[in-house]
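Colleague: Provided below for reference: sequence and predicted model.
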Amino acid sequence: MSDEIALQKATARAARAQRLLEDELLAEAFTSLESSYTSAWRATTIDDVSGREKLFLAINIVGKVRDHLTTVVNNGKLAAKELKDLAETAERKKRFGILT
């Protein structure tokens, strides 16, 4: 039963993450941040190694947040498939009178 609860939580998280990824405002924020960080990174002087490294990290963090949300969505899809398989297995056992 706890597996089913964990799978249901994963599918609920996936739905929330999908809504976030589809949200125009969040997509705009990701694009805007990446663009401004990239512009600032390109405008650094040759001796501003520390500044470039910080901006490089900032650009990558924006991508990692997006990747994390995508991973949550994909894990939720797998969880939904597992829930479906569990339900089908339970239905078959019920239909054929198999008790566990």
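Modeller: Great, that's in hand.
Colleague: Locate the residue positioned nearest the centre of the chain within the secondary structure: which element?
Modeller: For the chain, L69 is the residue whose C-alpha lies nearest the centre (CA atoms, centre = their mean; 1.8 Å). Under the criterion DSSP states H and E, the helix or strand holding L69 is helix 49-95.
Colleague: For that helix, name the packing helices and strands.
Modeller: Judged by 3 or more CB pairs under 8 Å, 6 or more residues apart in numbering; DSSP states H and E, the packing partners of helix 49-95 are helix 2-22, helix 24-42. (Glycine included, C-beta is placed from N, CA and C.)
Colleague: how about low-confidence regions in the chain?
Modeller: Applying pLDDT under 70 to the chain flags residues 1-2, 99-100.
Colleague: which residues are contacting stretch 10-19?
Modeller: 69-70, 72-80, 83 (CB atoms under 8 Å, 6 or more residues apart in numbering).
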